[in-house]
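**Student:** sequence first, predicted coordinates after that:
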Amino acid sequence: MMKQRREIEPLGSFFAQTKDGYVINPASPERLVSPWLEALEEIRQIYIQKLGEQLHSVYVRGSVAFGTAIAGFSDLDSFCLVYPRGAECVIWQALPWSDDAPVQQLGFPCAVEFVSVTFHHNFAQVNPIVSMIIKTQSLCIHGPDIGPALPDCRPGLAMMMDAELLDRQLSAVEAELTSGRPVSPEQVQSLMKRILRTGFELVMERESCYATSLYLLYMCFSRHYPEREADMRWVLETFLNPDVSPLQLRDRLTDFGIWLRQEVASVLAWGVK
C-alpha cells in the first residue's frame, strides 16, 4: 500500500512580541495536553532516575510546550540542566536513553530527545544559545526554572543557532551520498528542517519576527529570495515526504546547498569552510 503524500499546509503562527520587539515565550503548563502530558511525566522520571542529585531541572521545548503538537508527526524534545562536575561545560549533549516508556504513553510513534546541558550561575554568558532556547520556547517541568532570570531576546543574531550547524550537517549527508550509503528518512527530515531554519535565520532580523512553524520559515525566506523560492519549497515538501531518491537529493544539495553556504557566509560575514 502506497504511503499517502503529505501536502504543504499554511500552519503555524508568529510568536507574540513586546512593544520593544522582544519575543514572548508561548510555552505554558496550561497548554500541555493528554497524551503528551503523561509522556512528559515518564520523561521527567527518567531524568530523575538516571541523574539523581546531579539533576538541576528538566525542560520541554517546541510544539508540545506550545500545545500545537501533531500526533504521529511532532517530536518530543526535552533537555535537562545538570550541576557541573569540576570545571566541565557541556553546551548540548544528546543522551542515548530509551524512549519506550514515553512512546507507550503516547500510543503512536514519536521521536523523543534526551539532552544534557551544564548549569552555570552565569548561564546566559556561558551558553547563550540554550539561554535563548529556554527564554523563548521552553517550559520547565522539573526543578528550579532559570528562564525568568535570563535576558530577553529580539529577532536577530542572538537568536541564530541553525546557520552555524548547517555546513556540518550538509557535509555529513553529502559524505553518505558520495559513499553510496543509504540516507534514512530521519536524516533527510533533520537536514531539511535545518535548511528551513537556516533560511529563516538569514531574514529573521529583516522580518523583525520569530517563528518555528516550518511553513512560516519557508514563506519568510521566499519573500526575500524569490529566485530561490522553488528550492525552499522543495525542501519543505521533502521534509514532509522524506522518501526521496539519492540522485535527486544529491542534485538539489549540490546546487542549493552551495548557494546557501555562500549566502550564510555573505550575510553573516563568515568564511566558507
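**Tutor:** Sure, I can see it. Numbers count the residues shown, from 1 in each chain.

**Student:** is it true that Leu150 touches Asn122?
**Tutor:** No. Counting by CB atoms under 8 Å, Leu150 stays clear of Asn122, with 10.8 Å between them. In short, each C-beta sits where N, CA and C put it, glycine included.

**Student:** those two: which has the busier surroundings?
**Tutor:** Leu150 (18 against 8; other CB atoms under 10 Å).

**Student:** how close does the more buried one get to Asp251?
**Tutor:** 43 Å (CB to CB, to the nearest Å).

**Student:** next, the buried residues of the helix ranked longest in the chain.
**Tutor:** Counting residues, the longest helix found in the chain (DSSP state H) is helix 185-207. Residues 187-205, 207 are the ones in helix 185-207 that count as buried (16 or more other CB atoms under 10 Å).

**Student:** what's the answer for stretch 223-232, then?
**Tutor:** Tyr225, Arg228, Asp231, Met232.

**Student:** pull up the distance across that stretch, start to finish.
**Tutor:** 11 Å (CA to CA, to the nearest Å).

**Student:** got a list of contacts for that stretch?
**Tutor:** By CB atoms under 8 Å, 6 or more residues apart in numbering, the residues outside stretch 223-232 that reach it are 195-196, 199, 202-203, 206-207, 218, 221-222, 252, 255-256, 259, 263.

**Student:** in helices, which of the buried residues of stretch 223-232 fall?
**Tutor:** Judged by DSSP H, the buried residues of stretch 223-232 include Asp231, Met232 as members of helices.

**Student:** and the buried residues of stretch 223-232, which two are furthest apart?
**Tutor:** Spatial extent of the buried residues of stretch 223-232 (CB to CB) is set by the pair Tyr225 and Asp231 at 8.7 Å.

**Student:** give me the mean pLDDT for stretch 159-173.
**Tutor:** If you average the pLDDT over stretch 159-173, you get 91.

**Student:** what do you get for stretch 137-145?
**Tutor:** The pLDDT scores in stretch 137-145 average 98.

**Student:** and it, what's buried?
**Tutor:** Buried-residue list, stretch 137-145, by 16+ other CB under 10 Å: Gln137, Ser138, Leu139, Cys140, Ile141, His142, Gly143.

**Student:** any chance of those residues in JSON lines, with distance to Leu236 too?
**Tutor:** As requested, the buried residues of stretch 137-145 are arranged in JSON lines below (distance: CB to CB, whole Å):
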{"residue": "Gln137", "distance to Leu236": "20"}
{"residue": "Ser138", "distance to Leu236": "25"}
{"residue": "Leu139", "distance to Leu236": "27"}
{"residue": "Cys140", "distance to Leu236": "31"}
{"residue": "Ile141", "distance to Leu236": "30"}
{"residue": "His142", "distance to Leu236": "34"}
{"residue": "Gly143", "distance to Leu236": "36"}
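
**Student:** in the stretch 51-200 of the chain, which spans are helices?
**Tutor:** According to DSSP state H, counting those that start in this stretch, the stretch 51-200 of the chain carries its helices in the segments 63-66, 100-106, 123-126, 128-137, 163-179, 185-207.
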